[in-house]
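Student: sequence first, then the predicted structure:
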Amino acid sequence: MKPNGLTPNRSKGGFDHADVHLGTNRLYVAHTSNDAIDVIDTARDRYIESIPGFTAVAGALVSEARGLVFTSNRGENTVSVFAPGAGRESFKIAVGVKPNGLAFDSARGILLAANVGDPLIPDSHTVSVIDLARRERIAEVKVPGRTRWAIYDEARELFFVNIASPARIVVIDARDTAKITREYDIPAAGPHGLDLDPITGRLLCACDAGVLLAIDPDSGDVLGDVGLSGAPDVVFLHSPSNQLYVAVGDPGVIDVIDVETMRREEVVTTEVGAHTLALDRKRNKVYAFLPQSHRAAVFHKTM
């Protein structure tokens, strides 16, 4: 593990979702407490810069296919779009209330923003659908509750969105984004982190109840489960090794799950409150973001 200093927190909130652009060796992490995106050079594990102007930023998502970075700006109800290395030249698009999870269909240029909503604002639990070429929102889909993370399945051409309560996954077809195609009840409280196993096609859903579920995306059936160290947040799958990394802020660990056997292989200590991570698939490195000490801890994975 190698700790790397980042900019100190200016308020409560720490870090949130992050992603890596492999082509430029840049990692983009939402520094929520600073209304900024922090950038790390993954080739040298060095801090590059902090880009301001992303109010209460909740997440970053990279599209290698389009060469773009997206952010969800929860404090201003927008998403930002910029090219790697050009974060200060971003443009913004208005979306629903408190955007959080992001997913992108690179073939169609359709970005989905899963909005947390506000219980005081009726019908504010929604998913915003953005046409990137037009730089505008083309649909607003009502969902049954507070959203969490979202992913896009290229093979099925479907978006999957976790709903915290009621515990569900909702599905939106990229070919018809104006409505929910189907939804599944999840038998564990608080679906949170979400990823897709491209080999088996299973959804990997980490729930606040402290359990990881492997789910058939066609039927919604639970195909396997494994206990976690606590309530999870961000998850990333390293497909070649069948290892899923699950960030658990309390007690401050990363659970390493073998998704083939659905067993927990290892528990790696990070820092209390470290609920988010990133995966550099090119260099087989995992980054954990430590909110108390304002650092990124780098774990070099052995295959």
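Tutor: On my side now, so go ahead. Numbers count the residues shown, from 1 in each chain.

Student: give me the distance between Pro166 and Leu203.
Tutor: Pro166 sits 17 Å away from Leu203, going by Cβ to Cβ, to the nearest Å. Using the backbone N, CA and C atoms, a C-beta is placed for each residue, glycine as well.

Student: higher neighbour count, the two?
Tutor: Leu203 (24 against 13; other Cβ atoms under 10 Å).

Student: partners of the residue nearest to the more buried one when sequence neighbours are not counted in the sheet?
Tutor: By the measure of Cβ to Cβ, 6 or more residues apart in numbering, the closest residue to Leu203 outside its immediate chain neighbours is Ile215, 4.3 Å from it. Going by DSSP bridges, Ile215 is paired in beta bridges with Leu203, Val222.

Student: can you tell me how far Asp131 is from Leu111?
Tutor: Taking Cβ to Cβ, one finds Asp131 at 8 Å from Leu111.

Student: looking at these two, which one has more neighbours?
Tutor: For Asp131 versus Leu111, neighbours defined as other Cβ under 10 Å are more numerous around Leu111 (27 against 16).

Student: the more buried one is in contact with Leu102, isn't it?
Tutor: Yes. Here Leu111 reaches Leu102: they are 6.8 Å apart, a contact under Cβ atoms under 8 Å.

Student: joint contacts of the two?
Tutor: Common contacts of Leu111 and Leu102 (Cβ atoms under 8 Å, 6 or more residues apart in numbering): Phe70, Val79.

Student: didn't Lys285 look like it was pressed against Leu277?
Tutor: No. The pair Lys285 and Leu277 does not pass the contact test of Cβ under 8 Å, sitting 10.5 Å apart.

Student: ok, back up a step: what do Asp131 and Leu111 both touch?
Tutor: With Cβ under 8 Å, 6+ apart as the test, Asp131 and Leu111 reach no residue in common.

Student: returning to what we had before: looking at Lys285 and Leu277, which is more packed in?
Tutor: Leu277 (26 against 18).

Student: quick check: which ranges of this structure have low pLDDT?
Tutor: Applying pLDDT under 70 to the chain flags residues 1-4, 302-303.

Student: rerun that using 90 as the cut-off
Tutor: For the chain, applying pLDDT under 90 flags the ranges 1-8, 11-13, 300-303.

Student: quick check: closest non-adjacent residue to Ser300.
Tutor: That one is not Ser; residue 300 is His. Nearest to His300 is Lys285, by Cβ to Cβ, 6+ apart, at 5.6 Å.

Student: residues touching the one you found, list them.
Tutor: Taking Cβ under 8 Å, 6+ apart, we find Lys285 in contact with Thr42, Leu279, Val298, Phe299, His300, Lys301.

Student: equivalent analysis for Ser80, please.
Tutor: Per Cβ under 8 Å, 6+ apart, neighbours of Ser80: Phe54, Phe70, Thr71, Asn73, Ser90, Phe91, Lys92.

Student: same check, this time on Val256
Tutor: Val256 neighbours (Cβ under 8 Å, 6+ apart): Gln243, Leu244, Tyr245, Val246, Arg264, Glu265, Glu266, Val267, Val268.

Student: out of these, which sit inside strands?
Tutor: Counting by DSSP state E, those place Gln243, Leu244, Tyr245, Val246, Arg264, Glu265, Glu266, Val267, Val268 in strands.
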